[in-house]
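Trainee: model the following, please.
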Amino acid sequence: MNVGMESAAPSTEQAPLDCRLPARQALPVVVASPHSGDLYPADFLKAAAVPLAALRRAEDAFVDELFAGAPALGIPLLAARFPRSYVDANREPYELDPGMFEGPLPRPLNHRTTRVAAGLGMIPRVAASGEAIYRGRVPADEIERRLKGCWRPYHTALSRLVEQTYSLFGAALLIDAHSMPSSASSIGIRDRDQRIDIVLGDNHGEACASGLVDIAERWLAAQGLRVRRNQPYAGGFTTQRYGQPDLGRHALQIEINRALYMDEARHERLPAAATMQRLMTGFLEEIGQQALEILLPRPLAAE
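Mentor: The predicted structure follows:
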């Protein structure tokens with residue numbers, strides 16, 4: 001299923017997913033982009049207390065484009081089309097702040113998390129700037145409406161892709177693709193030498209085979225990128241849910257410094273975006289081939 005609309009266009013009918021499948025899956029890898037969506041429901045924009053530009057700062061803008069070469073390599077690519085400020089697919093389904101809702105809540109909420117405290121639950125309370133998104137309380141029935149319309153379709157599709165990959169190969173690697181603001185990576189005119197270009201998150205060694213993370217780090221560093229592990233991003237709900245190495249399911253989160261490919265203030269691609277797209281295609285090819293070597297079960301040697 002490939003659903004597309006004009007970027008950042010208000011939408012009265014949510015188109016939740018863009019799932020691009022290869023003609024034949026050749027590598028035991030799935031790529032997912034939960035935060036690159038830019039289709040904003042008209043009723044959401046009407047209820048918002050902040051302008052669209054403020055909401056868009058939460059997007060992992062153009063990340064799905066950076067990984068668009070996946071299907072040609074034989075790798076499925078799943079991208080959310082709904083925006084992160086509307087529904088965050090990288091959160092637990094009921095990871096919410098009960099104080100932001102009006103009316104009976106559907107079930108006990110997981111509200112004692114640092115993310116909820118920061119206003120960044122499954123339905124975020126604040127924009128990237130820290131401003132409140134809503135003028136007043138949100139009707140509680142919005143929780144189930146957004147879960148049904150966005151969160152559940154995304155994770156149903158992602159679970160299916162991971163399990164199909166496992167069935168085909170005997171192992172699966174999920175690359176959870178994100179971007180980070182340059183302010184989070186110490187990049188700037190004065191401290192450019194201290195920048196971090198890529199953060200690899202494996203939930204502190206719990207979500208992915210360490211040998212595969214080592215290879216990813218070395219390959220990216222060989223391209224001239226400064227790579228760090230798990231700081232400041234170790235992975236969110238997706239990495240924790242799908243990263244089960246003991247069961248042959250691995251997950252690796254990748255955060256890309258936005259300054260490498262976009263003008264953050266203008267929310268526009270830089271010419272360097274094409275270079276970064278080629279680099280991410282090369283990364284997927286490398287990590288996919290290495291996954292074939294490292295993750296796939298080996299036949300027993302004949303006695």
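Trainee: biggest helix in this protein, by residue count?
Mentor: Determined from DSSP state H, the single longest helix within the chain is helix 272-294.
Trainee: burial of the residue lying closest to N90 once chain neighbours are set aside, as a residue count?
Mentor: Spatially, and ignoring its direct neighbours in sequence, N90 is nearest to G236 (4.2 Å; C-beta to C-beta, 6 or more residues apart in numbering). To be clear about C-beta, it is placed using only N, CA and C from the backbone, and glycine gets the same treatment. When counting by other C-beta atoms under 10 Å, one arrives at 23 neighbours for G236.
Trainee: roughly how far does D246 sit from G288?
Mentor: With distances taken as C-beta to C-beta, to the nearest Å, D246 is found 22 Å from G288.
Trainee: would you map the helices across the chain?
Mentor: Going by DSSP H, the chain shows helices at 42-47, 52-56, 63-66, 114-117, 141-146, 152-169, 210-222, 237-242, 272-294.
Trainee: related to what we said a few turns ago, counting contacts, what elements does the longest helix of the chain pack onto?
Mentor: Here helix 272-294 touches strand 29-33, helix 63-66, strand 172-180, helix 210-222, strand 249-257, going by 3 or more C-beta pairs under 8 Å, 6 or more residues apart in numbering; DSSP states H and E.
Trainee: from the ones you listed, which stretch is densest packed?
Mentor: strand 29-33 (a mean of 28; mean count of other C-beta atoms under 10 Å).
Trainee: from the chain's centre, how far out does that one sit?
Mentor: 9 Å (C-alpha atoms, centre = their mean, to the nearest Å).
Trainee: what's that strand packed up against?
Mentor: So strand 29-33, by 3+ C-beta pairs under 8 Å, 6+ apart, packs with strand 77-80, helix 152-169, strand 172-180, helix 272-294.
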